[in-house]
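> Next come a sequence and a model predicted from it.
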Amino acid sequence: MPQTYRLFVLLPSAALAALIIWAVRVGDFGGAGGFLTREPWGIVTLFDLYFGFLISALVIGWTERKLLPSVFWITPLFILGNVWTGLWLLLRGAKLYRALRDAAGNRA
């Protein structure tokens, strides 16, 4: 995976982790959770979020060849979210990048 792609994953992942830490320290999780489960756009946002986690889980499951690494990477995804996806992509992105590049080359 080219270094610039790694930066495009690393910087937003680090920013998201920092935002989560900040929100936990100063925010009202109960109030935010109430909005997300009560209001239509909050419900849409939650559905969108977890649908994205599901898509990430599918990509991880297809990319990891063994059951244990798949379980290791997929299970925390639905709690740790896209910070976890970003970490996976930083560590496994080169493998995915090569596979996609090779697949595209085979079709040409």
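In hand now; what should we look at?

> The top helix by length along the chain - contacts with which helices or strands?
Ranked by number of residues, the top helix in the chain under DSSP state H is helix 82-107. If you count contacts as 3 or more C-beta pairs under 8 Å, 6 or more residues apart in numbering; DSSP states H and E, helix 82-107 packs onto helix 3-26, helix 40-63, helix 67-74. Quick note: C-beta positions are derived from backbone N, CA and C, even for glycine.

> Which one, of these, ends up nearest to residue 94?
Residue 94 lies closest, by C-beta to C-beta, to one member of the helices and strands packed on helix 82-107: helix 3-26, at 8.7 Å.

> residue ranges with poor pLDDT in this structure?
Within the chain, the stretches with pLDDT under 70 are 1, 106-108.

> For residue 64, give me phi and psi.
phi -70, psi 130 (degrees, to the nearest 10).

> from what I can see it touches residue 57, true?
No - at 10.5 Å, residue 64 and residue 57 do not qualify as touching, with contact defined as C-beta atoms under 8 Å.

> Make TSV from the helices and strands packed on helix 82-107 and add distance to residue 95 to it.
Supplementary listing: those in TSV, determined by distance: least, C-beta to C-beta, whole Å:
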stretch	distance to residue 95
helix 3-26	13
helix 40-63	7
helix 67-74	11
